[in-house]
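**Q** Attaching a predicted model along with its sequence, questions to come.
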Amino acid sequence: MQEIIIHVFNMVGSGFCVEADDGQKMYDLIKKAFHEGRKIKLSFQNVEILTSAFLNTAIGQLYRDFSEEEIESSLSVENMLPEDKALLKRVTGTAKLYYKDPDGMQKSINEILGEE
């Protein structure tokens, strides 16, 4: 299986990976590659700021469309700062829970916020 390296800095156009729109572009690329049976390595070299909004859109929503096994065997990251790895772990953990039971998760969120 051919591995594609995506340089996040080049894809976004800067070291600031903060916008969900940029995350969506990344997601679209990853999804296309997965459908083609390719492995993806995301290089975070030169990325200075990384937000959960970006990661939720770029990686979190993969858990809606692919199994955890598919993602773990086909997606890897490199050159990521330790604090960004921790953020990615939180984002993927939340995404796994959410996409297993989106209605239940939304109900819990609404209860916490006091909404009916």
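**A** Here it is on my side, so go on. Predicted, not measured: the structure shown is a model, and the values here were computed from it.
**Q** who's in contact with the host helix or strand of Glu83?
**A** Per DSSP states H and E: Glu83 is located in helix 82-100. Contact with helix 82-100 is made by 44, 47, 50, 52, 55-56, 59-64, 68, 77, 80, 105, as judged by Cβ atoms under 8 Å, 6 or more residues apart in numbering. Every residue, glycine included, has its C-beta placed from N, CA and C.
**Q** rerun at 10 Å
**A** 17, 42, 44, 47, 49-66, 68, 71-72, 75, 77, 80-81, 104-106, 108-109 (Cβ atoms under 10 Å, 6 or more residues apart in numbering).
**Q** and those residues, which are buried?
**A** 17, 42, 44, 47, 50-63, 66, 71, 75, 80 (16 or more other Cβ atoms under 10 Å).
**Q** tell me, what residue is most central in this structure?
**A** The structure's the chain has its C-alpha centroid closest to Ile59; by Cα atoms, centre = their mean the separation is 1.4 Å.
**Q** quick one: contacts for that one?
**A** Counted by Cβ under 10 Å, 6+ apart, Ile59 has contacts 23, 26-27, 30, 42, 71, 75, 77, 88, 91-92, 95.
**Q** in this structure, which spans are strands?
**A** 3-7, 16-17, 39-43, 49-50, 75-78 (DSSP state E).
**Q** So what angle separates the directions of the third one and helix 82-100?
**A** Interaxial angle of strand 39-43 relative to helix 82-100 (axes from the mean of the first three to the mean of the last three Cα atoms, to 10 degrees): 140 degrees.
**Q** partners of strand 39-43 in the sheet?
**A** Next to strand 39-43 in the sheet, as set by DSSP bridges, lie strand 3-7 (parallel), strand 75-78 (parallel).
**Q** Enumerate every residue touching Thr51.
**A** With Cβ under 10 Å, 6+ apart, Thr51 has these contacts: 16-20, 22-23, 57, 84, 87, 91.
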